[in-house]
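**Q** Could you look at this predicted model? Sequence included:
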Amino acid sequence: MNDSISRETIENESIDPDFVERIVEAGADRIRTCIQCGTCSSVCPSGRRTAFRTRELMRKALLGLKEEVLSSPDLWLCATCLTCLERCPRQIKVTDAIVIMRNMAVKEGFMLPQHRKVSKKLLQTGHAVPLDEANQEMRKELEIPEIPPTVHAHEDALDDVKEIMKRTGFDKLIQEEEGGEKE
Amino acid sequence: MTEAKTYSFFLGCVMPNRFPNVEKSIREVLPKIGIELDELEGASCCPAPGVIRSFDEPTWLALASRNLALAEKAGNDLITGCNGCYGTFKEALAELKEHPDRLKEVKSYFHGLGIPFKAEVDAKHIIEVIHEIGPEEIKKQVVRPLKGLKVAVHYGCHLLKPSNNRPWEKTQRHTFLDELVDITGAESIPYRDKFMCCGAGGGVRGSNVPVSVDIAKEKLDNMIEAGVDAIVNVCSFCHLQFEVSQAQLNKELGEQRYKIPVFYYTQLLGLAMGMDPETLGLHKHVVSTQSLLDRLLT
Ligand code: SF4
Ligand code: SF4
């Protein structure tokens, strides 16, 4: 048929047949049994106010649209509330699948700038949310240890935490690409 | 009261570094109901399940294991007052137990650092331990029933889910926290979508504030519609979300529509136990608790 309607075509090159396999191996073992019922989307608090659709993400993952999935900022709209995982009629670990894809995205260099910042705080201080002056002051007023007895009060412990993050490669993973953010 | 049990108190990040008033209330109330707290010296970020686990799962597992190892070494189970930290420790322990090779992997990261770890320690939520003592037992300590106080109970997500790795009754309509609120003399009021997420987790608050605050707004609007006087939660991150989002929403609106005081459970219980509001850190809230306290305590 010859018409002027432009179709959205999924090119063969966009399909990575190994993508699902890697998600399955990482623990979302039932993902292939998805029946696209949309239960996950219907219970999603993020989907209620954004264009993020959990069901669509699952479908794209199954199709192997790796690049599209991993590069999309939508992947980061999941609040990991686990409602979809509880309600999926196929008992797919939907939230786990999302976390697995996020790990893949970060490995490919797709990381939101704010998330890189949080990671750097963890690398430097051992806390994703470190103590600030105002709260140190409040601790003092409340008569609880002014510096919490965490890595904040123990430099040797912080050294251990940093060493572990070096060994897991987290420090390298978080380092910015040459020439700034890839995102 | 039965014999006191000692736990290693895991603080996390948000509680000690943003809401020390909540930490204060926990330190004041728990020993009075038979729960002794041992400092977990040198603990780090749990690390956060929504962000760090989403970035690099092996780093998340290694650091979670280190925190667990500190408690194991102290000979205590770990206790936390944050749903996110609770989720991290429960899921990390499950992963280590189901996959012994993951424990080996973690130990390889610990090599030479002097951190023994067998993954035999357990991690508990503060509200889980309070619930174990039981509403009847706790009720004996209530000397100032909070009559007429209408409360919106917020459980949060990771306290309850995934349900196959949580200690609660298998239901989607939990009541244990409502029961623990009722014994304080306050009344837990039903409201729409009570079990919905607060919107803070998963790195959403960290990267997309408008979406995150809009989720909180939906919950807050439902609470306002139900006519509640206060929110009661058991998670430092949900606590942050309700405290900070209300201020943000008011600023955007240019009017003070959102002003529901946000109580951590131990603050509510402490009040009912006759403790002074300042001892419970209630004078350090983002959303002022003053007019509510004036009404309740006079
Ligand atoms: S709820 Fe489960 S089966 Fe239904 S679309 Fe979502 S992932 Fe697929
Ligand atoms: S876990 Fe994520 S995708 Fe699933 S319902 Fe919650 S926010 Fe939506």
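**A** Sure, I can see it. Ligands and ions are numbered 1, 2, ... in the order given.

**Q** now the residue nearest the centre of chain A, nearest residue through space, not along the chain?
**A** For chain A, the residue nearest the mean C-alpha position is residue A:102 (3.7 Å; CA atoms, centre = their mean). In this structure, residue A:102 finds its nearest non-sequential neighbour in residue B:54, 4.1 Å apart by CB to CB, 6 or more residues apart in numbering or on different chains. C-beta: built from backbone N, CA, C; applies to glycine.

**Q** Repeat that for residue B:105.
**A** Here the residue nearest residue B:105, using CB to CB, 6+ apart, is residue B:58, at 7.0 Å.

**Q** count of residues packed around that neighbour?
**A** With neighbours defined by other CB atoms under 10 Å in any protein chain shown, the count for residue B:58 comes to 17.

**Q** Surely it touches residue A:168?
**A** Yes - judged on CB atoms under 8 Å, residue B:58 makes contact with residue A:168 at a distance of 5.2 Å.

**Q** Show me the strands in chain A, by range?
**A** Counting by DSSP state E, chain A forms no strands at all.

**Q** Now the residue of the stretch 1-150 of chain B found nearest ligand 1: which helix or strand?
**A** Residue of the stretch 1-150 of chain B nearest ligand 1, by CB to the nearest ligand atom: residue B:54 (18.4 Å). Taking DSSP states H and E as the criterion, the element that holds residue B:54 is helix B:52-55.

**Q** List the buried residues in that helix.
**A** Neighbour-count burial for helix B:52-55 flags B:52-55 (criterion: 16 or more other CB atoms under 10 Å in any protein chain shown).

**Q** Then stretch B:182-200?
**A** Quick answer for stretch B:182-200 (16+ other CB under 10 Å): B:182-189, B:191, B:194-200.

**Q** Now do the SS call for the residue of chain B positioned farthest from its centre.
**A** Distance to the chain centre peaks in chain B at residue B:112, reaching 34.1 Å (criterion: CA atoms, centre = their mean). At residue B:112 the chain is in coil, as set by DSSP: H, G, I helix; E, B strand; the rest coil.

**Q** any idea how far residue A:52 is from it?
**A** The gap separating residue B:112 from residue A:52 is 44 Å, by CB to CB, to the nearest Å.

**Q** Then residue B:190?
**A** Taking CB to CB, one finds residue B:190 at 29 Å from residue A:52.

**Q** From the structure, what's the count of residues near the residue of chain B found nearest ligand 1?
**A** Across chain B, the shortest distance to ligand 1 (CB to the nearest ligand atom) belongs to residue B:162, at 14.4 Å. Neighbours of residue B:162 under the rule other CB under 10 Å: 18.

**Q** Residue B:152 - that's part of a strand, no?
**A** Yes - judged by three-state DSSP, residue B:152 forms part of a strand.

**Q** what about chain A, any weak spots by pLDDT?
**A** Scanning chain A for pLDDT under 70 picks out A:1-3, A:177-183.

**Q** Nearest to chain B: which residue in it?
**A** Among all residues of chain A, residue A:157 sits closest to chain B, at 3.0 Å; criterion: CB to the nearest CB.

**Q** wait, what's in contact with that residue?
**A** Applying CB atoms under 8 Å, 6 or more residues apart in numbering or on different chains, we find residue A:157 in contact with A:126, A:150-151, B:41-44.

**Q** Repeat that for residue B:60.
**A** By CB under 8 Å, 6+ apart, the contact set of residue B:60 is B:47, B:49, B:52-53, B:88, B:92.

**Q** mind running it again at 6 Å?
**A** Shown in contact with residue B:60 (CB atoms under 6 Å, 6 or more residues apart in numbering or on different chains): B:47, B:52-53.

**Q** any idea which of those is closest to residue B:74?
**A** residue B:47 (20.1 Å; CB to CB).

**Q** residues in contact with the closest one?
**A** For residue B:47, counting by CB under 6 Å, 6+ apart, the contacting residues are B:60, B:63.

**Q** Tell me if I am right that it is in a strand.
**A** No - under three-state DSSP, residue B:47 sits outside any strand and is assigned coil.

**Q** on that earlier part again, and the residue of chain A closest to chain B, how far from residue B:20?
**A** 20 Å.

**Q** what's the answer for residue A:13, then?
**A** Relative to residue B:20, residue A:13 is positioned 54 Å away (CB to CB).

**Q** Out of those two, name the residue with the larger neighbour count.
**A** Between residue A:13 and residue B:20, residue B:20 has the larger neighbour count (other CB under 10 Å), namely 27 against 7.

**Q** element containing residue B:269, please.
**A** Per DSSP H and E: helix B:265-272 holds residue B:269.

**Q** and that helix, does that touch chain A?
**A** No - Helix B:265-272 does not reach chain A (CB under 6 Å from any CB of the partner chain); its nearest approach is 12.6 Å.

**Q** Touching the helix or strand just after that helix from outside, list them.
**A** The helix or strand immediately downstream of helix B:265-272 is helix B:290-297, counting by DSSP H and E. Here helix B:290-297 makes contact (CB under 6 Å, 6+ apart) with B:261, B:277.

**Q** Kindly recompute the last result at 7 Å.
**A** B:146, B:149, B:229-230, B:261, B:277, B:282 (CB atoms under 7 Å, 6 or more residues apart in numbering or on different chains).

**Q** where along chain B do the strands fall?
**A** Using DSSP E, strands in chain B cover B:5-10, B:35-39, B:77-80, B:123-125, B:150-154, B:187-188, B:230-233, B:262-264.

**Q** is it possible to export those strands to JSON lines including mean pLDDT?
**A** Output for the strands of chain B, formatted as JSON lines (pLDDT from 0 to 100):
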{"stretch": "strand B:5-10", "mean pLDDT": "97"}
{"stretch": "strand B:35-39", "mean pLDDT": "97"}
{"stretch": "strand B:77-80", "mean pLDDT": "98"}
{"stretch": "strand B:123-125", "mean pLDDT": "98"}
{"stretch": "strand B:150-154", "mean pLDDT": "98"}
{"stretch": "strand B:187-188", "mean pLDDT": "98"}
{"stretch": "strand B:230-233", "mean pLDDT": "98"}
{"stretch": "strand B:262-264", "mean pLDDT": "98"}
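
**Q** For residue B:209, which of the ones you listed is the nearest?
**A** Per CB to CB, nearest to residue B:209 of the strands of chain B: strand B:262-264, 18.2 Å.

**Q** for ligand 1, what are the nearby residues on chain A?
**A** Contact residues (CB under 6 Å from any ligand atom) of chain A with ligand 1: A:34-40, A:55, A:58, A:88-90, A:92, A:94.
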